[in-house]
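Peer 1: heads up, no residue letters with this:
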């Protein structure tokens, strides 16, 4: 969990660095510094040393966290790799997926909340800089989609409602990944971020 928390903070730094203007970089830095402080505090979604990630992204919550770990192997004096070791393994990617678009609350299967109930959102998506471009992000997103597809959906008049994935991002590098590598399309663009969506029922 501590490694995942650090990785998420570095992902925020990438968003700041990728901003197109100095004015936006300053704006994003102020916002994300405050956001990270809140998220990494006691009771936040990340929590102290990542403990919030463990508490939030697990049953009975309609949420799940997938983590990519690069399994390390130490070498002996002759250069022969040993068995996999936790001491030389590291977290290189993570993605959270949950039911609904609210960062903390979960929708009920009700007429008023039916669209949100069948929408699954992406949170805390981050890949270590040295692991980018190696398929880590695509594999993480594939697992998130698989999990969402396996979750129940609303049933109206005997017909299961269609599911979709939806996310927000202000990072143009991430946006390019979502649209070109994993099939999301632009739903809406604002001055500060884009909203992207992907149908899960084809």
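Peer 2: Everything's here; your move. Every value quoted in this text rests on a predicted model; they were computed, and no experiment measured them.
Peer 1: make it CA atoms for all contacts and neighbour counts henceforth
Peer 2: Fine.
Peer 1: Going along the chain, name the helices of this protein.
Peer 2: 2-17, 22-39, 51-56, 114-117, 136-150, 172-181 (DSSP state H).
Peer 1: what would those look like in JSON lines with distance to residue 90 and mean pLDDT?
Peer 2: Shown next, in JSON lines, are these (distance: least, C-alpha to C-alpha, whole Å; pLDDT from 0 to 100):
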{"stretch": "helix 2-17", "distance to residue 90": "8", "mean pLDDT": "94"}
{"stretch": "helix 22-39", "distance to residue 90": "22", "mean pLDDT": "95"}
{"stretch": "helix 51-56", "distance to residue 90": "17", "mean pLDDT": "93"}
{"stretch": "helix 114-117", "distance to residue 90": "34", "mean pLDDT": "93"}
{"stretch": "helix 136-150", "distance to residue 90": "13", "mean pLDDT": "97"}
{"stretch": "helix 172-181", "distance to residue 90": "22", "mean pLDDT": "97"}
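Peer 1: So in terms of bridging, what pairs with residue 189?
Peer 2: residue 194 (DSSP bridges).
Peer 1: so how many other residues sit close to it?
Peer 2: 13 (other C-alpha atoms under 10 Å).
Peer 1: Then residue 164?
Peer 2: By other C-alpha under 10 Å, the residues close to residue 164 number 20.
Peer 1: and if you look at residue 176?
Peer 2: Per other C-alpha under 10 Å, the neighbour tally for residue 176 reads 12.
Peer 1: quick revisit: would you format the helices of the chain as CSV with distance to residue 162 included?
Peer 2: Shown next, in CSV, are the helices of the chain (distance: least, C-alpha to C-alpha, whole Å):
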stretch, distance to residue 162
helix 2-17, 31
helix 22-39, 32
helix 51-56, 25
helix 114-117, 9
helix 136-150, 10
helix 172-181, 20
